[in-house]
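> Show me how the following folds:
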Amino acid sequence: MKLVLFQTSPSAEILPGALTDRGVVDLSAAVEKSYTPQLTMQGIIDDFDRLRPTFEKMARDDNATPLAQVRLRPPLPRPGKILACIANYWEHAQREARPLNMFMKNPDAVVGPGDTIMLPEYTVPWIFMHEAELALVLRGPSKMVKAKDWQGAVFGYTSMIDVSAREEGRKTWPAFPNTSWLGKSFDTFGPIGPCIATADEIKDPNDLVVRFWNDGQLRHNYNTDDMEHRVPALVEFATTVMTMNSGDLIACGTNHEGLGALQDGETVDIEIQNIGKMTLKVSDPLKRKWERGVYMGADSTNLEAVRRHRPQ
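Numbers count the residues shown, from 1 in each chain. As a prediction, the model looks like this:
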């Protein structure tokens, strides 16, 4: 099942729904009303086993509103926590895996489908880049989960664009020294969506194609099989450090070979296999300009990048 939050007009209430081939089916009649859309979705996650038969019947039998007639909102408007992996992809390198590490991204950075990534009005020499990533949606409370038990802690999956500010003179990884959290935490720097695909929709989270376009130019095109540390290890690592609650996110990192600049007036799309596609705009009040295209030496849009490159 693909769960969404949606509106039928800009002033309408934000409601929970199921994204189907026919459009969006309103699920709100089966859900206890909460104070915020975030709490509504968290409640659905916590109570999904009981709600699922009703949801499935509604998704099959109830009227659907065509997708073009609704506005999808971020499926988790204000997660309690966003943990994001640092690097975590082989990117054609034959070497030892780097140590697993994560940083915390500002939950208030979240926006969703149809929204605008706003570049900050800072005059420091930064360049702003996209990182297209698979994100795990946690079910909690989850603490000290072993890798072999990871599935019990993962409710589903969504996509995230980890928008990142970097020093303009360093157009490749890593982020500018010691400020990764700040450079990734500006408002609107955490687009997620278009839905939460429940765990049963994804046979193997380490076999999904991630794609990202900038004004129609394909930049990211890689397979999550290329992760240095795979999804079970990410769940174990995160829950060893802290308790992960329902609706918390773990972003799995990106293939940096597809990095390029984001700048004023552009339209970007992210699509992950079996999850879906969402589109956002980019706005820069300072109208800065950077070289257009992919900056890394190896290009993740090459067909080889969607094949396995894990060292054997």
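
> Which helix runs longest in this structure?
Longest helix in the chain, counting residues (DSSP state H): helix 48-61.

> Pull the worst-scoring helix or strand of the chain on mean pLDDT out as CSV, backbone CA atoms only.
The helix or strand of the chain with the poorest confidence is helix 180-183; it has a mean of 76 (mean pLDDT, DSSP states H and E). Output in CSV follows, covering the C-alpha atoms of helix 180-183 (Å, rounded to 0.1, in the frame of the first residue of the first chain):
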residue,chain,number,x,y,z
SER,A,180,27.6,19.0,7.5
TRP,A,181,24.6,19.3,9.8
LEU,A,182,24.2,23.0,9.2
GLY,A,183,24.7,22.9,5.5
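
> Quick check, pLDDT for the residue of the chain most remote from its centre.
In the chain, residue 61 marks the outermost C-alpha relative to the chain mean, sitting 30.0 Å out by C-alpha atoms, centre = their mean. pLDDT, residue 61: 94.

> Ramachandran angles for residue 122?
The phi and psi values for residue 122, taken as degrees, to the nearest 10, are phi -110, psi 140.

> no wait, residue 196
phi -110, psi 110.

> what does residue 161 give?
phi -100, psi 110.

> Next up, the contacts around the closest residue to it other than its chain neighbours.
Spatial nearest neighbour of residue 161, excluding adjacent residues (C-beta to C-beta, 6 or more residues apart in numbering): residue 191 at 4.5 Å. In short, each C-beta sits where N, CA and C put it, glycine included. Contacts for residue 191 (C-beta atoms under 8 Å, 6 or more residues apart in numbering) come out as 74, 110-112, 115, 117, 160-161, 163, 270, 278, 280.

> beta partners for the most centrally placed residue in the chain?
Nearest to the mean C-alpha position of the chain, by C-alpha atoms, centre = their mean, lies residue 160 at 1.8 Å. Residue 160 has these beta-bridge partners by DSSP bridges: residue 133, residue 192.

> wouldn't it be in contact with residue 135 here?
Yes: checked against C-beta atoms under 8 Å, the pair residue 160 and residue 135 is within contact range at 4.2 Å.

> what residue ranges in the stretch 201-312 of the chain are flagged as low confidence?
296-299, 302-312 (pLDDT under 70).
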